[in-house]
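>>> 3D model of this:
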Amino acid sequence: MNLKRSTINQSVHTAKIVLAHFGVHLPAFAYWNERQWLEAGSAYDEIRECMLGWDVTDFGSKDFVHIGRTLFTVRNGRLNIPGYPKQYAEKWLIDPEGQRAPAHFHLSKREDIICRAGGNILVQLTKADPEGNPSNETFSIQIDGCTRRLIPGEIIRLHPGESLTINPRTIHQFWGEEGTGWQLDGVGYTLSSEISSVCDDWNDNVFLVDYGVRFPEIEEDEPRTCFLCNEYPSAVL
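Numbering: from 1, shown residues only. Model (predicted):
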């Protein structure tokens, strides 16, 4: 079953509640409806072309509750399009207990994962070998600027305010620790953020279990309440 539009709408609605609870303010376009985007001119092309905004995906898993992600990209560059020279990206991620993205690594992106508020974030890390498989070697990471040696598959617990740096070709998966998040409708929520080099979701992700897509097909079971970052209409000139 494809990811439903109703699930996307509800996930964005919940994300806004969680962000507001923790005092996080997003830019105005985070709250635009479909009509406002259809009227937005070419002045907003950076948002469209750098894929800023809401991103809700199940990665093709067909199991959004367990394998999925709801996030908002605040800023990003674009390596293959002239005119967007930013070398950095920033995202806010909503982490409901029980949900995680598939284990993956990046070919070039270096990122800091920061536990911002709510509960704890658990991060599991393994170095990838030259063929892209999990390596048996120990490796070093930085946790809030302190270098630490890890064994493959080790899990790091980040409390609110703590962060770690994930280097390219480091397999990672992170999620909200059960029983620690802010409760909303019976689900615990933690808020995290990612600050990184430019994010290229089309070419830079390598998934250990490949569900097939980064941006899934959507079952349109109800009208959209917003455009996702990969859905924006072109500017009307």
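
>>> longest strand anywhere in the chain?
In the chain, taking DSSP state E as the definition, the longest strand is strand 187-196.

>>> chain center to that strand, what's the gap?
9 Å (CA atoms, centre = their mean, to the nearest Å).

>>> got it, and stretch 47-61?
8 Å.

>>> State the mean pLDDT of it.
Averaged over stretch 47-61, pLDDT sits at 97.

>>> Pull that stretch out as PDB, backbone CA atoms only.
The C-alpha trace of stretch 47-61 is given here as PDB (Å, rounded to 0.1, in the frame of the first residue of the first chain):
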ATOM      1  CA  ILE A  47      12.700  26.800  -2.000                       C
ATOM      2  CA  ARG A  48      11.600  24.600  -4.900                       C
ATOM      3  CA  GLU A  49      15.000  23.700  -6.400                       C
ATOM      4  CA  CYS A  50      16.800  23.100  -3.100                       C
ATOM      5  CA  MET A  51      13.900  21.100  -1.800                       C
ATOM      6  CA  LEU A  52      13.300  23.100   1.300                       C
ATOM      7  CA  GLY A  53      10.100  22.500   3.300                       C
ATOM      8  CA  TRP A  54       8.100  19.400   4.500                       C
ATOM      9  CA  ASP A  55       9.400  15.900   3.800                       C
ATOM     10  CA  VAL A  56       7.300  12.900   4.700                       C
ATOM     11  CA  THR A  57       8.300   9.500   3.500                       C
ATOM     12  CA  ASP A  58       8.200   5.800   4.200                       C
ATOM     13  CA  PHE A  59      11.100   5.200   1.800                       C
ATOM     14  CA  GLY A  60       8.900   2.700   0.000                       C
ATOM     15  CA  SER A  61       8.700   0.500   3.100                       C
END
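
>>> buried set for it?
47-48, 50-61 (16 or more other CB atoms under 10 Å). (Glycine included, C-beta is placed from N, CA and C.)

>>> Name the next helix or strand downstream of the longest strand of the chain, please.
strand 205-207 (DSSP states H and E).
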